[in-house]
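1. pasting the sequence and the predicted coordinates here, then a few questions.
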Amino acid sequence: MRYILPILLVALVGLTSCLNNTTTSTTSSEARVATFTFVADTANPGLTTMTYKVEHRSDTGLIYSPDSLTFGTRLDSVIPSVSYLATPGMATFILPDTTIVSTGTDTMNFTVRPIYLHVLASDMKTEKVYEINIFAHQVNPDLYEWSCLTDNLFAPQEAPNCEMKAFYIQDQIIVYVNDGLSTHIYQSKDGEKWEQNTSAVVGLPVPCHVRDILQHGHDLYYIDGTSLYISSDLTTWTEQDCSSASFTLINMLVSYDGKPWCIVQDNASQALMLATINGGKIEPQTEINGLEGGVLPAGFPISDFAALEFRSSSERPRAMIVGGRAMNGDIVNARWNLEYSANAGYRIKDFSIVQPTFETLNGVSIIQYADQLIMFGGTDNNLDMRTDILYSKDEGMNWYVPDSANNQLPSSYTTRSHQSVLVDNENNIYIIGGQTTTQSLSDVYRGFLNSSKWD
């Protein structure tokens, strides 16, 4: 900056010469800026909602906004408002195409670069030059950007009516595909380039319902009647015989509180219960607040539900189980909330009783993203595909349809149910595959919230 000062002084000779014969009763060597903002403009409110910073350096200074101004804030016709530690002899804004001696009411274009403020103290000797760095977001931070990465992560003729489920494990997207005859694994680091895992999947039942596989950390769990299957390396599954237990294994449920949870049915009473898996041992939970003797109600979903562990606003881990089919096959209106506290132990509550207008949904997917829950896809009781994306900002109690202009999937996107939705470690959302009323899908879409990519 010290090299630019002589240039600025030359540029200002003509502007300051008219003051050479002027005398003042009080002079000061103070040339520092105290505060910087803009004159309020009701049509451009973003200008005055930002706090602007002023840094004083040895021979220069910097005026800047800690963050870019709100998207849509106009900087092409603004009036800067500056206060000084002492009344200056002259303050001059130097823009690439013009130089303006400040009067306090000057309209300027702050979209150009660079911009400097030259302050000459009232002693007409001391000076300070500030570079001004103020920007407005050029991209809507609330906008989701979506793109299709591939129409088919594998050839559709390989499995025209398959089941699939995707997982994000060790920085990779892993997709299990079962066509009724065998299970294959596809993997990708970016969702665009895919390769089939050459290792054969060993140990799973042949007609495996891969949608019911549960991820718990780096391990995968699956149950089938009287057997529990666990894999730590994706391809090799170890079967544990549970036929001697007093219950039948119905389905995996959710990974919560450091343990995999599942649904079991008591062989004697036929009651459904929740159970945890510890070291391969399945333990029915008979003491859960909200359940009499640990027995689940008849309308509790046992398949085609969405289950998600997430952290509440108070940083307490919780789990949500949404939609799905009950034991009798009915699509249910359910939003079960599972949580734990040291004082009360485990507690479960159906939020749909509090908010009964919530629609019945089957085959939805839920993620936690940008401090809210987001729900994708699914069908209702009439098997109609839901096209809206639903948000919840109160941890699953209430759901609403956001401004579709901010989160609109591409026109090429096919509405679906039973899709896999993942979030990677770079805040990208992936929608993978799914099911329409007539076919299986194996396409991959990636999206992200613009503000999630900003530091």
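-> Nice, I can see it. Owing to the predicted nature of the structure, the values given are computational and were not obtained by experimental measurement.

2. so what's Gly447 up against?
-> 144-147, 409, 428-429, 431 (C-beta atoms under 8 Å, 6 or more residues apart in numbering). Heads up, the C-betas are built off the backbone N, CA and C, glycines and all.

3. just the element for Phe448, please.
-> Using DSSP states H and E, Phe448 sits within strand 440-449.

4. who does Gly225 bridge with?
-> Judged by DSSP bridges, the bridge partners of Gly225 are Leu249.

5. pLDDT score assigned to it?
-> Listed pLDDT for Gly225 reads 92.

6. how many neighbouring residues does it have?
-> 10 (other C-beta atoms under 10 Å).

7. still on that earlier bit, sheet partners, orientation included, of the strand holding Phe448?
-> strand 144-150 (antiparallel), strand 429-435 (antiparallel).

8. the ones you listed: which one's closest to Asn362?
-> Closest to Asn362 of the strands paired with strand 440-449, according to C-beta to C-beta: strand 429-435, at 10.5 Å.

9. highest mean neighbour count out of the strands paired with strand 440-449?
-> strand 429-435 (a mean of 24; mean count of other C-beta atoms under 10 Å).

10. so for it, mean pLDDT?
-> 96.

11. and the residue most central in space within the chain, bridged to which residues?
-> Nearest to the mean C-alpha position of the chain, counting by C-alpha atoms, centre = their mean, stands Tyr369 at 2.7 Å. Beta-bridge pairing for Tyr369 (DSSP bridges): Gln372.

12. can you pull the contacts of it?
-> Residues near Tyr369 by C-beta under 8 Å, 6+ apart: 423, 427, 429, 449, 452.

13. show me which pair in those is furthest apart.
-> Pairwise distances among these were taken by C-beta to C-beta; the largest, 10.8 Å, belongs to Val423 and Leu449.

14. okay, those two: which has more neighbours?
-> More crowded of Val423 and Leu449, by other C-beta under 10 Å: Leu449, with 21 against 17.

15. how about the contacts made by the more buried one?
-> 141-144, 369-370, 427.

16. any chance of a ChimeraX selection covering the buried ones in those residues?
-> Per 16 or more other C-beta atoms under 10 Å, the buried members of those correspond to this ChimeraX selection:
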select :143,144,369,370
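
17. just give me the closest of the contacts of Leu449 to Glu239.
-> Distance to Glu239, by C-beta to C-beta, is smallest for Tyr369 among those, at 35.6 Å.

18. just the pLDDT at that closest one, thanks.
-> On pLDDT, Tyr369 comes in at 96.

19. pLDDT weak spots in the stretch 351-455 of the chain?
-> Low-confidence segments of the stretch 351-455 of the chain (pLDDT under 70): 355-358, 455.

20. residue boundaries of the strands in it?
-> 365-369, 372-376, 390-392, 420-423, 429-435, 440-449 (DSSP state E, counting those that start in this stretch).

21. Throw these into TSV and include distance to Val129, thanks.
-> Converted to TSV, the strands of the stretch 351-455 of the chain look like this (distance: least, C-beta to C-beta, whole Å):
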stretch	distance to Val129
strand 365-369	44
strand 372-376	45
strand 390-392	48
strand 420-423	46
strand 429-435	46
strand 440-449	39
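
22. indicate which one of these is closest to Ser182.
-> Nearest to Ser182 among the strands of the stretch 351-455 of the chain is strand 440-449; the distance by C-beta to C-beta comes to 15.4 Å.

23. in CSV, list the C-alpha atoms belonging to that closest one.
-> Extracted in CSV, the C-alpha atoms of strand 440-449 (Å, rounded to 0.1, in the frame of the first residue of the first chain):
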residue,chain,number,x,y,z
SER,A,440,-36.8,-49.6,-10.2
LEU,A,441,-34.5,-46.6,-10.7
SER,A,442,-30.7,-46.5,-10.4
ASP,A,443,-30.0,-42.9,-11.1
VAL,A,444,-28.0,-40.6,-8.9
TYR,A,445,-28.7,-36.9,-8.1
ARG,A,446,-26.5,-34.6,-6.1
GLY,A,447,-27.5,-31.4,-4.4
PHE,A,448,-26.3,-28.9,-1.8
LEU,A,449,-27.4,-25.7,-0.1
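
24. orientation of it relative to strand 365-369 in degrees?
-> 20 degrees (axes from the mean of the first three to the mean of the last three C-alpha atoms, to 10 degrees).

25. off-centre distance for strand 440-449?
-> 15 Å (C-alpha atoms, centre = their mean, to the nearest Å).

26. then stretch 376-393?
-> Put simply, stretch 376-393 sits 19 Å off its chain's centre (C-alpha atoms, centre = their mean).

27. now do stretch 345-362
-> In terms of C-alpha atoms, centre = their mean, the centre of stretch 345-362 is found 23 Å from the chain centre.

28. contacts for that stretch next, please.
-> 274, 285, 287-291, 304, 322-325, 331-341, 375, 378-381, 386, 396-399, 417.

29. Glu127 touches Tyr116, doesn't it?
-> No - Glu127 sits out of contact with Tyr116 when judged by C-beta atoms under 8 Å, with a separation of 11.5 Å.

30. got a pLDDT number for Pro96?
-> Listed pLDDT for Pro96 reads 96.

31. before we move on, back to that, buried subset of the contacts of stretch 345-362?
-> 274, 285, 288, 291, 304, 322-325, 331-340, 375, 378-380, 386, 396, 398-399, 417.

32. got the strands paired with strand 440-449 as TSV, with distance to Cys242 columns?
-> Output for these, formatted as TSV (distance: least, C-beta to C-beta, whole Å):
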stretch	distance to Cys242
strand 144-150	39
strand 429-435	30
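
33. nearest to Thr87, out of the ones you listed?
-> strand 144-150 (49.3 Å).

34. got a list of what Leu153 touches?
-> Taking C-beta under 8 Å, 6+ apart, one finds 175, 186, 188, 194, 432-433, 442-444 in contact with Leu153.

35. before we move on, which element is it in?
-> Leu153 is part of no helix or strand when elements are defined by DSSP H and E.

36. and for it, nearest residue in space, chain neighbours not counted?
-> In this structure, Leu153 finds its nearest non-sequential neighbour in Trp194, 4.6 Å apart by C-beta to C-beta, 6 or more residues apart in numbering.

37. what is the neighbour count of the residue lying closest to Leu181 once chain neighbours are set aside?
-> Nearest non-adjacent residue to Leu181, counting by C-beta to C-beta, 6+ apart: Val206, 6.7 Å away. By the criterion of other C-beta under 10 Å, Val206 has 9 neighbours.

38. from Asn278, how far out is Val206?
-> According to C-beta to C-beta, to the nearest Å, Val206 and Asn278 sit 29 Å apart.

39. repeat that for Asn289.
-> Distance of Asn289 to Asn278, computed by C-beta to C-beta: 21 Å.

40. what does Ala307 give?
-> Taken as C-beta to C-beta, the span from Ala307 to Asn278 is 19 Å.

41. same question, Arg386
-> Arg386 is 37 Å from Asn278, by C-beta to C-beta.

42. no further queries at this time; thank you.
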